[in-house]
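[1] Based on what follows, work out the 3D shape:
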Amino acid sequence: MAMCTHDADAGYFQDTTPCQSDDDCSISFFPGALCVFDWGCSSTQGHCVSTPYCYGTGVIDYCGCDGHTFQLGANGTGKQYPDRPYAHVGACP
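    Next up, the predicted model:
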């Protein structure tokens, strides 16, 4: 299971600029910033962060808001943070 912290006190910078992809953050926030999504499908926007502080190892399944399971992590895309909207951590039913 993965969980990301979005707290400036955790030691990284966060912007309130909404994003849909890492490219959005590199343009509006600063080069190398990442677009990290919280769970839930009511808002399909992420937050720009300098470095996400996420707990989780290996491949992690996420249930996307489109009802399809996607994987992130070491053997998935290599990203250790949720890079798109998702309903919950874990495979879709």
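
[2] hey, let's count contacts and neighbours off CA atoms from now on
    Fine.

[3] in a helix, that's where Asp23 is, yeah?
    Yes - with DSSP: H, G, I helix; E, B strand; the rest coil as the criterion, Asp23 is part of a helix.

[4] Quick one: residues contacting it.
    With contact taken as C-alpha atoms under 8 Å, 6 or more residues apart in numbering, Asp23 is in contact with Leu34.

[5] tally of neighbours for the closest residue to Val59 other than its chain neighbours?
    Nearest residue to Val59 in three dimensions, chain neighbours excluded: Gly73, at 4.4 Å (C-alpha to C-alpha, 6 or more residues apart in numbering). Each residue near Gly73 was counted by other C-alpha atoms under 10 Å, and the total is 18.

[6] got the contact list for Gly73?
    Per C-alpha under 8 Å, 6+ apart, neighbours of Gly73: 57-60, 79-81.

[7] Show me how to select, in PyMOL, the buried members of those.
    The buried residues among the contacts of Gly73 can be selected in PyMOL (16 or more other C-alpha atoms under 10 Å) with this line:
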select buried, resi 59+60+80+81
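
[8] would you turn the contacts of Gly73 into a markdown table with distance to Val89 and secondary structure?
    Below are the contacts of Gly73 laid out as a markdown table (distance: C-alpha to C-alpha, whole Å; DSSP: H, G, I helix; E, B strand; the rest coil):
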| residue | distance to Val89 | secondary structure |
| --- | --- | --- |
| Thr57 | 13 | coil |
| Gly58 | 14 | coil |
| Val59 | 12 | strand |
| Ile60 | 8 | strand |
| Lys79 | 15 | coil |
| Gln80 | 13 | coil |
| Tyr81 | 11 | coil |
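
[9] tell me which of the contacts of Gly73 is nearest to Pro93?
    Ile60 (15.3 Å; C-alpha to C-alpha).

[10] Isn't that closest one up against Leu72?
    Yes - here Ile60 reaches Leu72: they are 5.4 Å apart, a contact under C-alpha atoms under 8 Å.

[11] In PDB, list the C-alpha atoms belonging to stretch 64-81.
    Written as PDB, here are the backbone C-alpha positions of stretch 64-81 (Å, rounded to 0.1, in the frame of the first residue of the first chain):
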ATOM      1  CA  GLY A  64      -8.300   4.400 -11.600                       C
ATOM      2  CA  CYS A  65     -11.300   6.600 -11.700                       C
ATOM      3  CA  ASP A  66     -12.100   5.100 -15.100                       C
ATOM      4  CA  GLY A  67     -12.600   1.700 -13.400                       C
ATOM      5  CA  HIS A  68      -9.300   0.200 -14.700                       C
ATOM      6  CA  THR A  69      -6.500  -1.000 -12.500                       C
ATOM      7  CA  PHE A  70      -3.100   0.600 -13.100                       C
ATOM      8  CA  GLN A  71       0.300  -0.100 -11.500                       C
ATOM      9  CA  LEU A  72       3.000   2.100 -10.300                       C
ATOM     10  CA  GLY A  73       6.300   1.300  -8.700                       C
ATOM     11  CA  ALA A  74       9.600  -0.400  -9.200                       C
ATOM     12  CA  ASN A  75       8.400  -2.800 -11.900                       C
ATOM     13  CA  GLY A  76       5.400  -0.800 -13.100                       C
ATOM     14  CA  THR A  77       6.100   2.700 -14.500                       C
ATOM     15  CA  GLY A  78       8.900   3.300 -11.900                       C
ATOM     16  CA  LYS A  79       7.000   6.200 -10.400                       C
ATOM     17  CA  GLN A  80       6.500   5.800  -6.600                       C
ATOM     18  CA  TYR A  81       3.600   8.300  -6.500                       C
END
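
[12] All set, thanks.
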